[in-house]
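>>> Sharing a sequence plus its predicted fold:
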Amino acid sequence: MSQAPPPFQAFLDDHREVVWRFLLASVGRTDADDCFQETFIAALRAYPQLSGRRREHNLRAWVLTIAQRKALDAHRARARRATPVADPAQVSQMTTPAAGDGRDEALWQAVEELPERQRSAVVLRFVGDLAHREIGMAIGCSEEAARRSLHEGLSKLRKVVPA
Amino acid sequence: MNVDFFEDEDSTVRALRRSATARRDESAEAARGLAERAAREELLDVAYATVDSPFGPLLAASTPRGLVRLAFPEESEEEVLERLARRLSPRIMRAPARLQAVARELDEYFSGRRHAFETELDWTLIGPFGRKVLGVAAAIPYGSVLSYQEVAGEAGSPRGSRAAGNALGSNPIPIVIPCHRVLRTGGNLGGYGGGLPRKRWLLELEGALAPELS
């Protein structure tokens, strides 16, 4: 018997924080709000077709997969409209998600500069807390390839962060 | 190659996890306006809000057709919403702006300034017999009452006063569909889904019943 998924508001309340943190880490402050709304509107559009038997965790992986696509869209749109900017401080303010300490800023800047798939794998793993298999599903590759991207991304970040 | 080794809690992994959760959660702000946008894009099938009343907060839910559900405070919000998700659509969001008119009319009603509701109703949750019975109840003017027998008769089942009572008792939009205006022959209050004290209170508000001496 097919079952309706939980009321959308409950789904939103349960997952909005992880989606928002994921987007903040993926696309930065400026684009996070737009991506957030795009993510949940897309989720709402597809929502009635979801099986109610999906477990809580699957719903998180599902919405993070949507968020992941919206983050990619934002990155590509940003790359298209990228023009040389005179003030480097302005650039870093636009792209770094954290206004925290300088170490974090350097780290997120490095995340930002990772190749697309590595960045996605790192953020889905450490902000979205997804398993390798789910990361593979979210970025459209095998579990093994997801592990590799994650490893490669982490190796690059380790050069930025002093041990 | 041991992949898990690379995810050991070294300073990089710790920094990623820590700084990802260190910032204040602003997702509530990010979600603001989402329900309104969903409604504009015709993706919001059920909007709900809680509305203050002398009985406590009522849960009001509307579809694009009109008010579909009004729940008393003792009903679990979670259960009411889950049932609406199953019966109508899981595209349900909290959207107080969509229920402002309902909230205003209820407020006017409870303060005695309104004698008839104008808000549109969605009868989807009410079955065919229920529609007849509650349709009769909906036509009883403010301050008047009918008996279960009279309601059954007008609904076309003169001998169905018990069935009529059941239909009235499962009214999904109490107060607005005034099932409280139906009493037993002889003036006994009969039953009420929201509890008899509330039925009495509503009838006293409307002047259909003299205030009880206590």
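Great, that's in hand. Predicted model, so just to flag it, every value in this text is computed and none were measured.

>>> you'd agree B:M93 is in a strand?
Yes. The assignment for B:M93 by DSSP: H, G, I helix; E, B strand; the rest coil puts it in a strand.

>>> Next one: it from B:A49, what distance?
10 Å (Cβ to Cβ, to the nearest Å). All C-beta spots, glycine's among them, are computed from the backbone N, C-alpha and C.

>>> So for the two, which sits in the more crowded spot?
B:M93 (24 against 20; other Cβ atoms under 10 Å in any protein chain shown).

>>> can you pull the contacts of that one?
With contact taken as Cβ atoms under 8 Å, 6 or more residues apart in numbering or on different chains, B:M93 is in contact with A:8-9, A:12, B:34-35, B:38, B:44, B:46-48.

>>> what sits against the closest residue in space to B:T63 that isn't next to it in sequence?
Leaving out its chain neighbours, the residue that sits closest to B:T63 by Cβ to Cβ, 6 or more residues apart in numbering or on different chains is B:D122, at 4.7 Å. Residues near B:D122 by Cβ under 8 Å, 6+ apart: B:62-63, B:65-68.

>>> picking that back up, top of the contacts of B:M93 by neighbour count?
Result: A:F8 is most packed of the contacts of B:M93 (other Cβ under 10 Å), 28 neighbours.

>>> ok, now which ones touch it?
A:44, A:47, B:90-93.

>>> Please enumerate the helices of chain A.
Here chain A has its helices, by DSSP state H, at A:8-27, A:29-46, A:56-81, A:88-95, A:102-113, A:116-126, A:132-139, A:143-160.

>>> just for chain B, where's the confidence low?
Filtered on pLDDT under 70, chain B yields the residue ranges B:1-8, B:213-214.

>>> could you measure the residue of it found nearest chain A against B:E105, distance?
As assessed by Cβ to the nearest Cβ, chain A sits closest to B:S27 within chain B, at 3.6 Å. Distance of B:S27 to B:E105, computed by Cβ to Cβ: 33 Å.

>>> between these two, which one's more packed in?
Per other Cβ under 10 Å, whichever of B:S27 and B:E105 has more neighbours is B:S27, with 22 against 19.

>>> That one reaches A:F22, doesn't it?
No. Counting by Cβ atoms under 8 Å, B:S27 stays clear of A:F22, with 10.3 Å between them.

>>> And the helices in chain B?
B:3-6, B:11-22, B:27-31, B:34-40, B:77-87, B:100-110, B:128-138, B:148-154, B:161-169, B:196-205.

>>> who are the neighbours in contact with the spatially most central residue of chain B?
By Cα atoms, centre = their mean, chain B has its centre lying nearest to B:L70, at 1.9 Å. With contact taken as Cβ under 8 Å, 6+ apart, B:L70 is in contact with B:58-61, B:172-176.
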